[in-house]
Every structure is written in structure tokens, then in C-alpha cells.
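Engineer: sequence first, then the predicted structure, then my questions.
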Amino acid sequence: MTTYITTPIYYVNAQPHLGHAYSTIVADTYARYKRLCGEDVRFQTGTDEHGDKIAEAAGKEGVQPREYADNISAMFKQSWQRLNISNDYFIRSTDDDHVAVVQKILQDVYDKGDIYFDEYSGLYCTGCERFLTDKELVDGKCPDHQVAPKEITEQNYFFRMSRYQQQLIDHIHNNPEFITPERYRNEVLSFLGEPLEDLCISRPTSRLTWGITLPFDKNFVTYVWFDALINYLTGIGYPDGPNFQKYWSVAEHLIAKDILKPHAIYWPTMIMAMGLEPYKKLHVHGFWNVNETKMSKSIGNVVRPQTLVDTYGRDGMRYFLLREMSFGLDASFSDEAIVARMNSDLANDLGNLFSRSLSMIIKYRDGKVNPAVKSSDENDRQLQKIAEDMLEKYQVCMEKFEFHKALQAVWELVAYANKYIVSNEPWALAKAAEKRERLDTVLYNLAETLRILTLVLRPVMPESAEKMAEVLQVTGAPCVSNLGSGGRWGALPAGGVIAESGQLFPRLEVAKKKEKANQPDKKKDTNREKESEAGYITFEEFKNVELRVAEVLTAERVKKSERLLQLEVMAHEKRTIVAGIAEYYQPDELIGKKILIVANMKPAKIMGIYSQGMLLAAKNKVGDKEQLAVTTVDGAVENGSRVA
Ligand code: MSP
């Protein structure tokens, strides 16, 4: 089986932002998923470099369009490398082979009689790089760019798009999955309900020279969309390269809703005029807003992929974007939303499951995964069933670009596996010699769950999945790199050894053992009940509280609060802690102190700030006056040291 997936080629009039990154990450995830299925995959992205927009942007910078395009195209390339994008090819619309293919296609379509010369008046939007119809305007303006289009009258070449209208309507009706999600298919069909106008495909060189010269008239350059869409053919060697034969019939394009019309109407009709079969699928996603507001340079809220990588790491960012957006609908980005998701899903749920399972295998079995003993335990059966159901649902959703649903299914398994630990109490099994086999079974089932998670998370979080595979000591093995051989329960070979793991997710320690700390097991043995009745806690319970040494790096008052200080502290990692100590300390007094924190306190939002832990302080009353002293440690203790 073969897959050919493309992103739009991005305009080089601005640097890459969150929206470009999202499309590219989606295509990358899909490409990686298909490789995981064992398919032969071709994944293409690139930059769109001709046209008014680019010429204008270069003019503003006082450089030649070519130099300008070289610069920004390199930035896109570099950004995708930083995001771990696994594209097989990066195309530039200024590449010589692309220019040649565009000219060949223009000549072919012209010779066929589908391109003619005429005079035209229309409303042109430079932002969209196309003429808009009256119907598309809102209050006389382009709804996407909020500017009134310019009235332009000129002689130009036209592509007989109208000739292919019925053929396109029939194709959409006969191929329900040609454009998905359905809302966009309906939008296109509704647009095609009106007579289609022919498409103006040239610009006179008197107005624009930065474009591909028409092969049949040197006084014109090609309209940028007629040039850009053809990249999907050039990149696979149209007309006679072997890749063209291999990949064209399976081409899937990924775009956002802003460029639906060029992809769903111009492009298929162009392809029909060339005498080719249309591409296989068009996947359309919604728009990312930022804090519920449209992302725009003028508002100054443009989010750059590099900032996200630096702040959250590439896997954290990838996970968030894929989990948060329901494919097809708009979504809103905010730092609060990504922090909340990373803490709850990655650090708490997944990180917790990994660290607890691995540390028990290391502690109770010296890291060795013994075989499971056949059991009729309902918990075991349920865990296996949830894993199997997940594998099925995951594949269905990934095929349909429903990444958020695929990840929801994965997290159902994570949640059940965490419960499985609590209900099986491996720590209690470890104490009883006759429960040896049961403990082996529980630990095997946990290791097997981690293996399946490693497999399915590979397309979404490639780096973390690789680290997980390293810890399970199965790097490169088919059971974590091929859905066919790995996508079934029991594929983890018993007898393997687990390696000590570092931190898989940055906040792993924050979330560790949270579940136990917050929800004591229902099945307490009688001794433990007695101990707690007497006001004691067990050593196990004490161990659930993770006390660590942290150095105060900065301290400042929280705005609008008399009680709160915001501290940046360094434990193993940097954390923010909001503490109610402003009445007792000046911020400066705290800087440099080595204090004690509860590192696995559930993160909480206090006055809009995420507090990642709690500091310890002693409080007492002298007369009417309350005193408070923050607990500090003496000597040269390393930041992050555990206190026990
Ligand atoms: N050059 C054309 C595409 C030609 S493809 C033959 C173009 N370029 S663009 O730089 O404007 O990129 C548009 C695409 O970037 C969208 O379709 C989408 O993939 C992505 N996004 C840009 N802003 C976005 C959001 N705010 N949210 C999500 N994706 C968006 O159009």
C-alpha cells in the first residue's frame, strides 16, 4: 500500500506560525502513522514563492523577491526540522523543474483549447491572490483580510473552468470521501450550485513580473494559484517520473478552510483539463485562534512554533495541538490550555503510569519482565479488552484524521491501567511469597500496556515514544514499530529487561503517585486502618508525599493580592510556586534560599498563575501576632534532592 500526503506550500511573505505548524504536524503524524502500518509513504511540504504578495513584501524590505523568498523559505525548512517533521521532499515553487512543469501544463491545456484570451473586470483581493465574487464579500470587504478588494479591468488569459463544473459535481457525488469533513464537502457543493465562472490565470508583466512566464505569451506571468497547485504534481516527477506513477492515484491533500475553493474547485478542474484522475482526498481543518482571538500580526498575538518548542518541547506541543483541535473545527490556543493538558494528560496520567509501572518492575523483579501466568482475573481481561478496543478505534480514527478521538481512546487505556495498579496493589502482592505468580502477571500486563502505548504514540510523540521503547529495551523491534505485528495483546516478549528511566515528561515528578496520595486505596488492610485511626500514617503513605529541595531564583508580588508571592524555583527543573507568604516576607529576602517543596502537589491555578507545588513553612501565634518561617535547608544540598 502507498500513501502520498501533502501540506499546502506556504507563502513566503511571512515567517512560519502556529497555523502552518499545525498543518505540517498533522501531515507528519499521518505520514508516521502510515509508515507504522508498513506503507510506502511520500510526504511533501514546501513554499509558494511567486505572486503579488511576495513581490510586495520583498519591495517593503528593499530586496529582490528571489532573495526574500530564499530567506523565508529557509526559515520554513528550518522550523520543520526543529519540529521533527519527517517530510520526504520540500518543494519550492521557484525550483527549475517546477517552472518547467507549470509551463508544460499551461501549453498542454492551451493547445487543448481550454485557455483563451479575454478582457475582464473584477474585484481583486491581494491577500487571497484571487478575484472575489460579490457573494463572497461581507460589507463590501474580503471576510478573511478585512479590506475592500480593488476593481481591476485588464486583458488576460482564462482557464475554461466552467467546462468541468458538472464533471466535478458528479465526482464529488460519486466519491463521498473526496472532501472531508462533510461540512466542507457541503460548502463546495453549495458553491457549485451556482454557475462557475472561468478562472483568470495570468497577470500582465506591466503589473507583475515575479511569476512564471506563460509559454505562449511572454507579456504575461502565471497567476500564482495556477502555478502553486501544480507543486503536488511536480514533487512526484510529473509527467513521466516513476514516483508519479506510484503516488498520484493515492494523493491526499491537507489544507485549512481558508484555501478550500482553490483546492476543491480550481485544482480538480485543472486536473480534469490535463486528462488526469483527480486526487484521492482533500482533508480540511479549521483555524487556530489565540485566546479566542484571530491570530494576526496587527494584534501582535502571532504564536511562533519555535517559542512553543522552547517552552513546551516538541512532543508536548504536538500532543496538545492534535488532542485539542477537533479536526475540521476551529480551536483556541492559550498557554493555560497547553499547560493544563500537559500536566493532566502527559505528566499525571501517562507519566504516572510509566514511572509507577517501571519502578515496580525494577524494585520487585530487578527490572525483568516475567511471563504472565494465565489468569481468569476480570481486571486482566478488562485491561486486555480496553487495549484491543483502543487499537481498533485508534486505527479507524487515524484513517479519518480524527486525531483527537484517537488520542481520547488511547487515554482510556492509560486511565484504566492506572486503576489496574490501584486495584491490584502490586506492593501488597510483593510482600506475600505465595502471590509471586500473580505479581508477575500484573507486572507483565503493565509492561505490555506500556509497549502498546509506545506503539500508538509513535506518530504523535516520536521522541517520547523512542525513549519509552529504549526503557522497555525494544528499540527498533516490530512490536513497537509496526502496527501489524505489534497491534495485538501479548506481543511484548517475556524475559526482557527494563532499563532505569529518566524523566519522560518534564513534569513527571509533579504528577508521580498523585493518584495514591489523593485517593487512598479503598481496600486498606485492617492494620493500616487501625494505624490511621490512631492518627498515624504508614511509611508507604509518607512516601507518597514527595518533598524536595528547591532554590528560589526569583520572587515577586502577585498583582492585586496582598497575600501572595510568585516564586520561580529550581528543583530538578524550574517551577513556578504561588505561596501565601507576602505578609511575612519581602520578595528579595527569599532569593537564593534553599527551601522545601511538596513536588507532587496537584498543580493549581491561583490568581491566573499555575502553581506547580507547595512550599513548607512553620506558622505559630505569639500573642495576637502570627509568625511564619519558610523551611530552609542547611549546607550544600543539590537542588531537587529528595527529603525523606
Ligand atoms: N500558498 C498558499 C497555499 C498554496 S497550496 C498549493 C497559502 N499559503 S499560506 O501560507 O497562507 O498558508 C495557508 C495554510 O496555512 C492554511 O491552509 C493552513 O494549512 C495553514 N494556516 C494558516 N493559518 C492558520 C491558522 N490560524 N490555523 C490553522 N491553520 C492555518 O495559502
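Structural biologist: That came in fine, so what should we check first?

Engineer: which residues does whatever residue of the stretch 201-350 of the chain ends up closest to the ligand contact?
Structural biologist: Nearest residue of the stretch 201-350 of the chain to the ligand, counting by C-beta to the nearest ligand atom: Ala256, 3.3 Å away. Using the backbone N, CA and C atoms, a C-beta is placed for each residue, glycine as well. By C-beta atoms under 8 Å, 6 or more residues apart in numbering, the residues touching Ala256 are Pro8, Gly19, Ser23, Val284, His285, Gly286, Phe287.

Engineer: the closest residue in space to Met1 that isn't next to it in sequence and the ligand, how far apart?
Structural biologist: Nearest residue to Met1, sequence neighbours excluded (C-beta to C-beta, 6 or more residues apart in numbering): Glu39, at 4.6 Å. Distance from Glu39 to the ligand, counting by C-beta to the nearest ligand atom, to the nearest Å: 23 Å.

Engineer: residues from the stretch 251-400 of the chain in reach of the ligand?
Structural biologist: Residues of the stretch 251-400 of the chain lying close to the ligand (C-beta under 6 Å from any ligand atom) are Ile255, Ala256, Asp258, Ile259, Phe287, Trp288, Met295.

Engineer: using PyMOL, define a selection of the buried residues within those residues.
Structural biologist: Buried residues within these, by 16 or more other C-beta atoms under 10 Å, are selected in PyMOL with:
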select buried, resi 255+256+259+287+288+295
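
Engineer: would JSON lines of the residues of the stretch 251-400 of the chain next to the ligand with secondary structure and pLDDT be doable?
Structural biologist: Shown next, in JSON lines, are these (DSSP: H, G, I helix; E, B strand; the rest coil; pLDDT from 0 to 100):
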{"residue": "Ile255", "secondary structure": "strand", "pLDDT": "98"}
{"residue": "Ala256", "secondary structure": "strand", "pLDDT": "98"}
{"residue": "Asp258", "secondary structure": "helix", "pLDDT": "97"}
{"residue": "Ile259", "secondary structure": "helix", "pLDDT": "98"}
{"residue": "Phe287", "secondary structure": "coil", "pLDDT": "98"}
{"residue": "Trp288", "secondary structure": "strand", "pLDDT": "98"}
{"residue": "Met295", "secondary structure": "coil", "pLDDT": "92"}
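
Engineer: what about the residue of the stretch 401-550 of the chain found nearest the ligand, neighbour count?
Structural biologist: Here the stretch 401-550 of the chain gets closest to the ligand at one residue, Phe401, 13.1 Å apart by C-beta to the nearest ligand atom. Using other C-beta atoms under 10 Å, Phe401 has 22 neighbouring residues.

Engineer: and the closest residue in space to Pro478 that isn't next to it in sequence, what does it touch?
Structural biologist: Nearest residue to Pro478, sequence neighbours excluded (C-beta to C-beta, 6+ apart): Ser485, at 4.2 Å. Contact analysis of Ser485 by C-beta under 8 Å, 6+ apart lists Pro478, Cys479, Ala491.

Engineer: got it, and Ser357?
Structural biologist: Ala417, Ile421, Leu443, Leu446, Ala447, Thr449, Leu450.

Engineer: give me the neighbour count for the residue nearest to Met1.
Structural biologist: 14.

Engineer: could you shift the numbering so residue one becomes 684, and keep it that way?
Structural biologist: Shifting the count to begin at 684 puts that one at Glu722.

Engineer: touching, it and Tyr687? I think so.
Structural biologist: No. Applying C-beta atoms under 8 Å, one finds Glu722 not in contact with Tyr687, separated by 10.3 Å.

Engineer: pull the CA atoms of stretch 804-819 into CSV?
Structural biologist: What follows is stretch 804-819 as a C-alpha-only set of coordinates in CSV (Å, rounded to 0.1, in the frame of the first residue of the first chain):
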residue,chain,number,x,y,z
SER,A,804,-13.2,43.4,-14.8
GLY,A,805,-13.3,42.1,-11.3
LEU,A,806,-12.7,42.7,-7.6
TYR,A,807,-9.3,41.5,-6.7
CYS,A,808,-8.1,40.8,-3.2
THR,A,809,-4.3,40.8,-2.9
GLY,A,810,-4.4,38.9,0.4
CYS,A,811,-6.3,36.0,-1.2
GLU,A,812,-4.4,36.4,-4.5
ARG,A,813,-7.7,36.0,-6.4
PHE,A,814,-10.8,37.7,-7.8
LEU,A,815,-13.7,37.6,-5.4
THR,A,816,-17.4,37.3,-6.3
ASP,A,817,-19.9,39.8,-4.9
LYS,A,818,-21.4,37.0,-2.9
GLU,A,819,-18.1,36.3,-1.1
